[in-house]
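I'll drop the sequence and a predicted model, then ask my questions.
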Amino acid sequence: MTDTSIPSADQSVDEETPAATESGAGTSETREKKGSADSDLFRQSEIAADYVEGLLDILDYDGDIDELVSAGRPVVEVVGSRLQNLVGQRGATLEALQELTRLAVFRQTGTPSRLLLDVGGYRAARRKELAAVAKNAVEKVKEHGEAVRLEPMSAFERKCVHDVVNAMSGVESESEGVEPNRRIVVRPVGD
């Protein structure tokens with residue numbers, strides 16, 4: 001199962017048709033659309049990087065900013081020391097900064113953005129922690145045959161857990177509850 005509260009974040013806005021993908025070549029129109037989508041995504045990451053740079057200047061924080069496109073979405077990474085305050089407790093400040101940055105992108109482009117903002121490598125480290133949590137939950141479900149409810153998580157955290165659980169056989173996951181207490185339940189398939 002997937003978390004229905006999260007838009008399908010792993011799909012590109014302009015996917016190629018199955019026939020084009022299977023043959024290894026698309027029409028020139030498909031390639032142009034894909035190139036245009038990539039350039040739009042990179043533009044979003046540039047706008048976001050400028051916005052974040054302005055925030056860092058206001059706060060008098062030093063950080064190197066990288067803008068890129070990864071897995072069909074714009075990404076801005078901020079690297080440096082003294083950035084923990086921008087992450088906050090359990091990433092709460094980072095989530096808020098990401099939403100503000102998405103709004104800045106929307107304001108300039110008129111298009112909603114699926115921008116991912118990372119500060120100090122927090123998201124990469126948290127992804128590893130969540131993979132361990134997901135694997136532990138799967139082991140418990142397989143051992144005891146009963147559903148396991150995890151602690152409430154942000155949308156980013158739930159997606160990380162869903163991805164790990166959905167890659168394993170014999171178990172499924174779904175989200176339940178309402179923000180900010182939305183959590184994942186891992187259960188045996190067919191339970």
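Nice, I can see it.

Point out where this structure drops to low pLDDT.
1-36, 191 (pLDDT under 70).

change it to 50
1-31 (pLDDT under 50).

Please, where are all the helices along it?
18-23, 28-59, 84-87, 92-109, 122-144, 155-166 (DSSP state H).

possible to save those as JSON lines with distance to residue 185 and mean neighbour count?
For the C-beta atoms, the positions are set from N, CA and C on the backbone; glycine is no exception. As requested, these are exported to JSON lines (distance: least, CB to CB, whole Å; neighbours: other CB atoms under 10 Å):
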{"stretch": "helix 18-23", "distance to residue 185": "33", "mean neighbour count": "11"}
{"stretch": "helix 28-59", "distance to residue 185": "33", "mean neighbour count": "16"}
{"stretch": "helix 84-87", "distance to residue 185": "27", "mean neighbour count": "16"}
{"stretch": "helix 92-109", "distance to residue 185": "22", "mean neighbour count": "17"}
{"stretch": "helix 122-144", "distance to residue 185": "9", "mean neighbour count": "16"}
{"stretch": "helix 155-166", "distance to residue 185": "10", "mean neighbour count": "20"}
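
Residue 180: which of the ones you listed is closest?
helix 92-109 (9.3 Å; CB to CB).

The closest one packs against which elements?
Helices and strands touching helix 92-109, by 3 or more CB pairs under 8 Å, 6 or more residues apart in numbering; DSSP states H and E, are helix 28-59, helix 84-87, strand 116-119.

How much space separates the spatially most central residue of the chain from residue 116?
Centroid-nearest residue in the chain, with CA atoms, centre = their mean: residue 156, separated by 5.2 Å. Per CB to CB, to the nearest Å, residue 156 is found 8 Å from residue 116.

Common neighbours of those two, please.
Shared contacts of residue 156 and residue 116 (CB atoms under 8 Å, 6 or more residues apart in numbering): residue 123.

Please name the bridge partners of the residue nearest to residue 68 when sequence neighbours are not counted.
Leaving aside its sequence neighbours, residue 68 sits nearest to residue 75 (CB to CB, 6 or more residues apart in numbering; 5.2 Å). Note on residue 75: beta-bridge partners residue 68, residue 116, judged by DSSP bridges.
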